[in-house]
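>>> test case, fold it:
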Amino acid sequence: KVAKWQLGHNVVFHGQVPEEQFNREIRQYHGSLRCHEFDGFAETTAKSVLMGQYPISRIRFPYIDTYRDEDELVKLLKDLRNKKTPNYEARNYYLDQFKKPL
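Numbers count the residues shown, from 1 in each chain. Model prediction:
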């Protein structure tokens, strides 16, 4: 069994979990947060945007909120509560991008 660490009332670090469990659990999320500056377009970011969520990334991507410092990140996180509808614009953009041949 995988331990879960509670980081706050609405933030949970799951550790390593099977992909089916991960997909099931993230369906109801509001977004994802990717703080790495160098690893490209992460699976968590891709899944979040394709589910119409509001991912936040340290790396700049079209239609995905990006931050440069802690103050900007805090503002983006606080603004999530104002995003009440699915992120269709970003979802549609990435659906089109992922259909293009490499």
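
>>> switch to C-alpha atoms for all contacts and neighbour counts from now on
Will do.

>>> would you list every one of the strands in this protein?
For the chain, the strands identified by DSSP state E occupy 5-8, 11-13, 33-34, 56-57, 65-66, in order along the chain.

>>> what helices and strands are in contact with the fourth one?
Put plainly, it is strand 56-57. Applying 3 or more C-alpha pairs under 8 Å, 6 or more residues apart in numbering; DSSP states H and E, one finds that strand 56-57 makes contact with strand 33-34, strand 65-66.

>>> mind running it again at 10 Å?
Under the contact definition 3 or more C-alpha pairs under 10 Å, 6 or more residues apart in numbering; DSSP states H and E, strand 56-57 sits against strand 33-34, helix 43-50, strand 65-66, helix 70-79.

>>> how about the third one?
Under the contact definition 3+ C-alpha pairs under 10 Å, 6+ apart, strand 33-34 sits against helix 43-50, strand 56-57, strand 65-66.

>>> and the second one, how far from the chain's centre?
Relative to its chain's centre, strand 56-57 lies at 6 Å (C-alpha atoms, centre = their mean, to the nearest Å).

>>> could you list the paired strands of it along with their orientation?
Strand 56-57 has the following strand partners under DSSP bridges: strand 33-34 (parallel), strand 65-66 (parallel).

>>> ok, and what's touching it?
In this structure, residues lying in contact with strand 56-57 by C-alpha atoms under 10 Å, 6 or more residues apart in numbering are 31-37, 41-42, 45, 48-49, 63-68, 73, 76-77, 80.

>>> need the contact list for I64.
Each residue near I64 by C-alpha under 10 Å, 6+ apart is listed here: 45, 49, 53-58, 87, 90-91.

>>> let's see 7 Å
When the contact criterion is C-alpha atoms under 7 Å, 6 or more residues apart in numbering, the partners of I64 are 55-57.

>>> pairing partners for it in the sheet, please.
F61.

>>> okay, it: pLDDT?
As predicted, I64 sits at a pLDDT of 97.
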